[in-house]
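Engineer: Show me how the following folds:
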Amino acid sequence: MLSLADHRAARIAALCAPDGWLNLVARIDLSPGTHLVGAAQEVRLPSGPDLLGTLTVARGSASFARPGAAPEPFCPVPDAFPQLRVDPFLLELHTVDGTPALRVRDLSLTPKADLRYFPEAPDWTIRAAWEEIVPRAGTVDMKGGTSVAVTLTHRARFIHQGCTVTLTPTHWKGGKPMFVFRDATAGETYGAGRFLIGEAASNGEITLDFNRAFTPPCAFTAFAICPLPPPGNVLPFRIEAGELAPNAVS
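Structural biologist: The predicted structure is shown next:
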């Protein structure tokens, strides 16, 4: 596992990367079929040429053709949605609950982020019980009013101030469980909640290092759609560890 300093450096690098969250300039709902894309077309981009090309959307797949060129497929990306680079943009087929949209990243931008943190708190690095449960269907509300279906398979348990706390991961990233939670620091931290990746699961235990709790993408851009904490992951106490609400993003 990376040191906390390296983890934070990697976090900023990921935010500012070509496929990060700080260069998103559009999210445009789509219907299946063929669409003209550009600054003066049906699928209207905020910049770039009047006609960038033709987007064809089928169920679960998409392709894009520059004027006079052969179509190119959107390529699968681990832990992300299919993408295709069409300079000066990185296009992404973003599908939520079966509904596709085109997310557009402007590769000409050079974004920067200045993240803020609580002081490092060793007591908030917790070795929790890691329990497998009978898989069951669940629904997670998303910021913006939609919801998505998930399958719940595990939960983490630990003791805080004499009380048992149970957190349920609703998503998985890189094979690791992701917890969406909110605590009594909301407002100082991002109000909708924070994300935490569980680490080093073995022998019925997992590490929850809240110093690595991070802000969801929807705090940085209106073009992200983020899961909200399930009711059991809304905590009545303060977790003074991890990222504070973003201070300066440009």
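Engineer: Show me the shaky parts of this structure.
Structural biologist: 248-250 (pLDDT under 70).
Engineer: Which parts of it belong to which domain?
Structural biologist: Per the record, the chain has its domains at 24-106, 115-249, by automatic domain parsing.
Engineer: any chance of the ones you listed in TSV, with mean neighbour count and distance to L2 too?
Structural biologist: Quick note: C-beta positions are derived from backbone N, CA and C, even for glycine. Listed next are these as TSV, based on neighbours: other C-beta atoms under 10 Å; distance: least, C-beta to C-beta, whole Å:
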stretch	mean neighbour count	distance to L2
domain 24-106	16	17
domain 115-249	16	9
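Engineer: Can you lay out these as JSON lines showing distance to A14?
Structural biologist: Below are those laid out as JSON lines (distance: least, C-beta to C-beta, whole Å):
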{"stretch": "domain 24-106", "distance to A14": "11"}
{"stretch": "domain 115-249", "distance to A14": "10"}
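Engineer: give me phi/psi at the residue most central in space within the chain?
Structural biologist: With distances taken as C-alpha atoms, centre = their mean, P217 lies nearest the centre of the chain, 5.3 Å away. P217 has phi and psi values of phi -60, psi -30 when expressed as degrees, to the nearest 10.
Engineer: so what's the nearest residue to it once chain neighbours are set aside up against?
Structural biologist: In this structure, P217 finds its nearest non-sequential neighbour in A224, 3.7 Å apart by C-beta to C-beta, 6 or more residues apart in numbering. Neighbouring residues of A224 by C-beta atoms under 8 Å, 6 or more residues apart in numbering: W21, L24, P216, P217, C218.
Engineer: So A224 belongs to a strand, correct?
Structural biologist: No - looking at A224 with DSSP: H, G, I helix; E, B strand; the rest coil, it is coil, so not inside a strand.
Engineer: Nearest residue to A200 in space, ignoring adjacent ones along the chain?
Structural biologist: T207 (4.7 Å).
Engineer: Within the sheet, what are the partner strands of whichever strand in the chain runs longest, with directions?
Structural biologist: Using DSSP state E, we find that the single longest strand of the chain is strand 125-141. With DSSP bridges as the test, strand 125-141 is paired with strand 147-160 (antiparallel), strand 205-209 (antiparallel).
Engineer: Off-centre distance for the first one?
Structural biologist: What it means is strand 147-160. Centroid separation for strand 147-160 versus its chain: 17 Å, with C-alpha atoms, centre = their mean, to the nearest Å.
Engineer: Can you give the contact residues for it?
Structural biologist: Residues from elsewhere that reach strand 147-160, judged by C-beta under 8 Å, 6+ apart: 96-97, 126-133, 135-142, 164-171, 177, 179, 198, 206, 208, 227, 237.
Engineer: again, only using 7 Å
Structural biologist: With C-beta atoms under 7 Å, 6 or more residues apart in numbering as the test, strand 147-160 has contacts from 96-97, 126, 128-133, 135-142, 164-171, 177, 198, 206, 208, 237.
Engineer: Check which element follows that strand along the chain.
Structural biologist: The helix or strand immediately downstream of strand 147-160 is strand 163-167, counting by DSSP states H and E.
Engineer: quick one, that next one and strand 147-160 angle?
Structural biologist: 150 degrees (axes from the mean of the first three to the mean of the last three C-alpha atoms, to 10 degrees).
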